[in-house]
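Q: The sequence and its predicted three-dimensional model are supplied below.
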Amino acid sequence: MISEVASQYDAKEVEGKVRKFWEDRGIYARARTMRTGGRKFFFVDGPPYTTGRIHLGTAWNKIIKDSILRYRSMNGFEIKDRAGWDMHGLPIEVKVEEYLGFKSKKDIETYGVDRFIDKCKEFALSQKDQMTVQFKTLGAWLNWEDPYMTLKDEYLEAAWWTLKRANERGLLERGFRVVNWCPRCETAIADAEVEYWEETDPSIYVKFPVVGEENTFMMIWTTTPWTIPANVGVAVHPQFEYSKVRAWKDDPEKAEILIMASSLVENVLREGRYRDYEVLESFAGTHLEGLEYSHPLADLIPAQRDIEHTVHLADFVTAENTGSVHIAPGHGLEDFELGVAEGMEIFCPVGEDGRYTSEAGEKYAGKYVRAANREVDEDLADRGLLLAEGEIVHRYGHCWRCKTPIIYIATPQWFLKISEIRDDMLEEIAKVKWYPDWAGSARFRDWISGARDWCISRQRYWGIPLPIWICETCGKMEVIGSMEELHQRSGASIGDLHRPAVDLVTIKCSCGGEMRRVPDVFDVWFDSAVASWATLNYPRDKDQINEWWPADFITEGHDQTRGWFYSQLGASMVSFGVAPYRSVLMHGFTLDDKGKKMSKSIGNVVSPEEVVGKFGADTLRLYVLSSNAPWEDIHFSWEEVANTHRMLNILWNAYRFPLPYMILDGFDPTKTTLDMVKESLRPEDRWILSRANTLAREVETSMGSYQLQRATRAIADFVLEDLSRWYIQLVRPRTWIETDDPDKLAAYATIREVMATLAKLLAPFAPFTAETIYQNLVRGTDPEVPESVHLCDWHRPREGLIDPALEEEMALVREVVEAVSNARQKGGRKLRWPVAEVMISPDKEIPDLKDLLPVLKSQTNSKRVTVNAVGEKPRMEIALNPVPKKIGPAFKGEAQKVIQAIKDANLDEVAELVKLKEAEKKEVFRESPVVFSWHLKGYDIPLDMVEFLEKIPENLVAADFSSGTVYVDVTLTEDLKAEGYAREVIRRIQDMRKEMDLRVEEEIEASVRLDDEEVAGLLERMKDYIAGEVRARRLQVGSEVEVEGSLVKDWSIEDLEMTIGVLRG
RNA sequence: GGGCCCGUAGCUUAGCAUGGUUGGAGCGCACGGCUGAUAACCGUGAGGUCACGCGUUCGAAUCGCGUCGGGCCCA
């Protein structure tokens, strides 16, 4: 049974019903199980971090995934699609710390690590649940019942196993390295976790006293005075030229000797407010190598007294500030590398809490480094070693969770030696199919080329514990790969692999000593890095991985180039030596309408709930899918969202329009199939069927390269242009036919077929609307078909129904109708008034329109349509135009008479002129030109003195289309007038029926009073026609008519007053 | 500072890999039309230094270089 539907597209209602239907009938699960045995499609969900709220970007991400998976499923693929959740790490720790009011790690220890971990877990799980609901609202079909969660034991084991593999392959290394360090969180953080923004910092120029040369200084510049206590060297560039200058302020006798890059001398002396200087000597940087200097604060920092300070050569030095760089290997990455290479002491007198240790000397010990900047400046100044101090605004790194400025300190950490497998990685990504291509060939490639060793250890609690045990006695190290292995090695059974339980497990070493776990946890990026096998429960489950791995497809935002695309590749190369994915679609970001990033502080954030609340999930889905190519950023625009919604509303109207008629006629598509009405199909029916299948082809092609915007735009264009604006207009009169006319049944069957096709094409993108249409028009009439549109096979284009020639013809017809519309407007004749003739004059070959002439006639409301041969035009009236500029000089005094004679020329005389002009045209091609003259009333008039003006006859109005011109004859005859007035009256009565809320088939009695005898007479002639159109049992028209009815209204038609009454029959 | 991407009407965009009639649409605006899809729909019109500059070419929105603005990532 087909049912009538709401007159407005109500997303909330539609989506609520469909969601319930899916749940009640277990449609999702069936969609997956029914494809068992099909070609496998392994999709790995990039796990969103469990923040509790999804944003527009994550919504878009899941919508893309869902559309592609639905499409694949309909195409017969057996799909693996566990949803994933990223649940460990600092962000949750920080939230829980805030919630508990903690300030440092000590608070956590006091509170109890076990209780803290429980809280983190609780937090992560509840936020996961909240987000699941939000994703489901979007219609995103993933396996939500059994998602992979990074906090599950089997997931932890996947990470453990991977690290064990890394160790077996010699890619795990413990190293003393300089790392990004958050002094508040007291942990190393990854490069990816550092957030940069502008910060004001000191900018100081410091003089380092050269040993053995009185009053001589190496000049260095720094923005981190607190690193001066850890200084152990100075670097200069071997190729730069340096100068030793004698500079003074007031008294030349009190001059100092300063060493710096020659090109920067002026700059440094200006900073130090020197009055004048002289260059003593200049030399290459190499000349300075080995030069010894003393630490400027050696008297305050006892440890510095035993360190030898010298100048070193380094390529990373730039010609800025002084051209000499202060080197503190304990506090800088380049410093550290240079320090190790040059055998410097790695001096790091700063603790994990960001405070100086006792090694920094009594004066500094216990002070927070950034707060000590001022004090270091003063101490330098007191010793006469501060040349200048100022401020600088520059980008500085911060902990992306707690926003504390990071510091660099040298600490022992665990690393994966990515630098050793970099080349293999480059080789592997070349085998991956990237959408768009440059995401892999340019962007990702660049990133990997610069890849460094990956610091995977964190000094935190809520994460996967590093499965590394070290013997306290002999230092032997062992990496454990699973819970079972841990049990076998230690004898201990623990219910949960998280801290702190795992910290207590000890293993007997072969030396007889006791092995303890290193206290670190994994960098949270390592969690998601193992997702492609963890989601298959590998290594616990050894079978699935053979069936599915590697992933066929993943898709994430372009920030994941350095994130998940990379971390997964790294972990997979370490474990398996190949890339974990076969194809990657990189998508964009959602920005605001001005192209700016959405941020809470600017207040331009739009949430997905807001959009869904106002317009519904299908609108949001179609909007994000169609607005851009997936890899471009979306500039979110409410206006465009509203526009998308409008399209859905039009689709809804197109869908619901035929329903009442079909119901009234008891239309049963299983009994009246398209095949059965084949003979009755009109050309326009064949046309819309052709268009629908052409559309299917376009959608398929676009999906082949993940051009979701092309697929969805093609569908929207079809709905608006072909279905709503054209086919529905053409088919309307046929639905009013009352008998069981084959013509009507053909229309019904066509509409149903087109809507069924459209529902399937729309299913991946607007699953709710598609389901609603399908349930009513397809499933509702045929219990044999699949229960849901999402259980259907994809609508493969039916080539037999595609007729390109017909599509071309119809395109032309539409152009002509448009042109006629244009001409009518120029001629002041509205469409309701029929015209006698439309004449098409092509100026080039056009397709044969024979089949479509009835369409042309009805849509242009004309009595006759004529198609002329190419170049043939209606007979023009020809006006002669004398050219006074030429006539004047030749005829002088006679000129005015000649001009008048030309104007007065009779038809015969004009005909002679036409003949001459044509002859002249041909003459051009001959060797000897002949001068023609027109003999008129005794004058010989050279032809260039007369021009033709073609004048369209009064009764015609013209308008151009792409292949010619249309002429519309707007002459009004009595018959045309009668019909025009009749249609005006019909339209008013229909309007009143509508106002009275009458059912389509209900009968009425109507009366029309007007004071114009002529028009009354015309209407009288059309009485039967009018009565038929408005279903009036009785109709009275005239000046004496007594108007009565349940509704009486006055109307003004073409400046003529009428009173119309409608009585419920 | 570096890499990759983007910049077309007030707004959202097509076209750009393979340079070639007057750069297409939609929304919004103005005017008109249609009417049992009706809080919908259709036509016409106005609206463009194709971010800017230089170059290649007979010819550039399209190719190259540079500048500016935006995004992601890095330093």
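A: Alright, I've got the coordinates. Quick caveat, the model's predicted, so the values are computed rather than measured.
Q: Could you report the pLDDT at residue A:518?
A: On the pLDDT scale, residue A:518 is placed at 94.
Q: now residue A:253
A: 85.
Q: what are the phi and psi angles of it?
A: Main-chain torsions, residue A:253, degrees, to the nearest 10: phi -70, psi -30.
Q: Excluding chain neighbours, what is closest to residue A:1038?
A: Distances taken as Cβ to Cβ, 6 or more residues apart in numbering place residue A:1016 nearest to residue A:1038, at 5.2 Å, with adjacent residues excluded. Using the backbone N, CA and C atoms, a C-beta is placed for each residue, glycine as well.
Q: before we move on, what about residue A:973?
A: residue A:836 (6.9 Å).
Q: ok so, going back, pretty sure the residue nearest to residue A:1038 sits against residue A:1037.
A: Yes. Taking Cβ atoms under 8 Å as the definition, residue A:1016 is a contact partner of residue A:1037 at 6.1 Å.
Q: ok so, going back, might you report the residue contacts of the residue nearest to residue A:973?
A: A:862, A:863, A:864, A:969, A:970, A:971, A:973, A:976 (Cβ atoms under 8 Å, 6 or more residues apart in numbering).
Q: quick one: buried residues of the longest strand anywhere in chain A?
A: Identified as the longest strand of chain A according to DSSP state E is strand A:194-209. Residues of strand A:194-209 classed as buried under the neighbour-count rule (16 or more other Cβ atoms under 10 Å) are A:201, A:202, A:203, A:204, A:205, A:206, A:207, A:208, A:209.
Q: likewise stretch A:1038-1046?
A: A:1038, A:1041, A:1043, A:1045.
Q: first vs last residue of that stretch, how far apart are they?
A: End-to-end distance of stretch A:1038-1046 (Cα to Cα, to the nearest Å): 19 Å.
Q: if we can go back for a sec, assign a three-state SS to the residue nearest to residue A:1038, would you?
A: At residue A:1016 the chain is in helix, as set by DSSP: H, G, I helix; E, B strand; the rest coil.
Q: circling back to that earlier point, shared neighbours, residue A:1016 and residue A:1037?
A: Contacts common to residue A:1016 and residue A:1037, judged by Cβ under 8 Å, 6+ apart, are residue A:1010.
Q: Between the two, tell me which one has more neighbours.
A: Shown here are residue A:1016 and residue A:1037; by other Cβ atoms under 10 Å, residue A:1037 has more neighbours (25 against 19).
Q: Worst mean pLDDT across the helices and strands of chain A, which element?
A: helix A:884-891 (a mean of 64; mean pLDDT, DSSP states H and E).
Q: about what we covered before: just checking: what are the partner strands of the longest strand of chain A?
A: strand A:216-222 (antiparallel), strand A:386-399 (antiparallel) (DSSP bridges).
Q: ranking those by burial, who's on top?
A: Compared across the strands paired with strand A:194-209, strand A:216-222 shows the largest average neighbour count, a mean of 23 (mean count of other Cβ atoms under 10 Å).
Q: returning to that earlier point: in TSV: the buried residues of stretch A:1038-1046, plus distance to RNA strand B.
A: Below are those laid out as TSV (distance: Cβ to the nearest atom of the strand, whole Å):
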residue	distance to RNA strand B
A:1038	23
A:1041	21
A:1043	18
A:1045	13
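Q: looking at this, residue A:503 is in a helix?
A: Yes. Residue A:503: assigned to a helix according to three-state DSSP.
Q: before we move on, the earlier item: in JSON lines: the buried residues of strand A:194-209, plus distance to RNA strand B.
A: JSON lines is the format used below for those (distance: Cβ to the nearest atom of the strand, whole Å):
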{"residue": "A:201", "distance to RNA strand B": "14"}
{"residue": "A:202", "distance to RNA strand B": "19"}
{"residue": "A:203", "distance to RNA strand B": "16"}
{"residue": "A:204", "distance to RNA strand B": "20"}
{"residue": "A:205", "distance to RNA strand B": "21"}
{"residue": "A:206", "distance to RNA strand B": "22"}
{"residue": "A:207", "distance to RNA strand B": "27"}
{"residue": "A:208", "distance to RNA strand B": "24"}
{"residue": "A:209", "distance to RNA strand B": "30"}
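Q: before we move on, back to that, which of the buried residues of stretch A:1038-1046 fall in strands?
A: Per DSSP E, the buried residues of stretch A:1038-1046 map to strands at residue A:1038.
Q: Outline the domain layout of chain A.
A: Here the domain assignment for chain A is A:196-327+A:344-401, A:621-798, A:809-874+A:955-969, A:877-951, A:974-1064, based on automatic domain parsing.
Q: Tell me the secondary structure at residue A:35.
A: coil.
Q: and if you look at the one 10 residues further on?
A: Taking three-state DSSP as the rule, one finds residue A:45 in the coil state.
Q: Could you do residue A:79 as well?
A: Three-state call for residue A:79 (three-state DSSP): strand.
Q: At the contact with RNA strand B, which residues of the stretch 801-950 of chain A appear?
A: A:818, A:821, A:822, A:825, A:830, A:831, A:832, A:833 (Cβ under 7 Å from any atom of the strand).
Q: Now the buried members of those residues.
A: With burial judged by 16+ other Cβ under 10 Å, the buried subset of these is A:821, A:822, A:833.
Q: hang on, the second one packs against residue A:959?
A: It refers to residue A:822. Yes. If you go by Cβ under 8 Å, residue A:822 and residue A:959 touch, sitting 4.1 Å apart.
Q: how many other residues sit next to the residue nearest to residue A:211 when sequence neighbours are not counted?
A: Spatially, and ignoring its direct neighbours in sequence, residue A:211 is nearest to residue A:292 (4.2 Å; Cβ to Cβ, 6+ apart). By other Cβ under 10 Å, 14 other residues sit near residue A:292.
Q: per-residue pLDDT, residue A:292?
A: 93.
Q: Any stretches of chain A with poor pLDDT?
A: A:191-193, A:877-933, A:935-951 (pLDDT under 70).
Q: Span of stretch A:855-866 from start to end?
A: 13 Å.
Q: mind listing what's buried in that stretch?
A: Applying 16+ other Cβ under 10 Å to stretch A:855-866 flags A:855, A:856, A:859, A:860, A:861, A:862, A:863, A:865 as buried.
Q: Identify the farthest-apart pair in those residues.
A: A:855 and A:863 (14.9 Å; Cβ to Cβ).
Q: just to revisit the earlier point, so which of the strands paired with strand A:194-209 comes closest to RNA strand B?
A: strand A:386-399 (4.1 Å; Cβ to the nearest atom of the strand).
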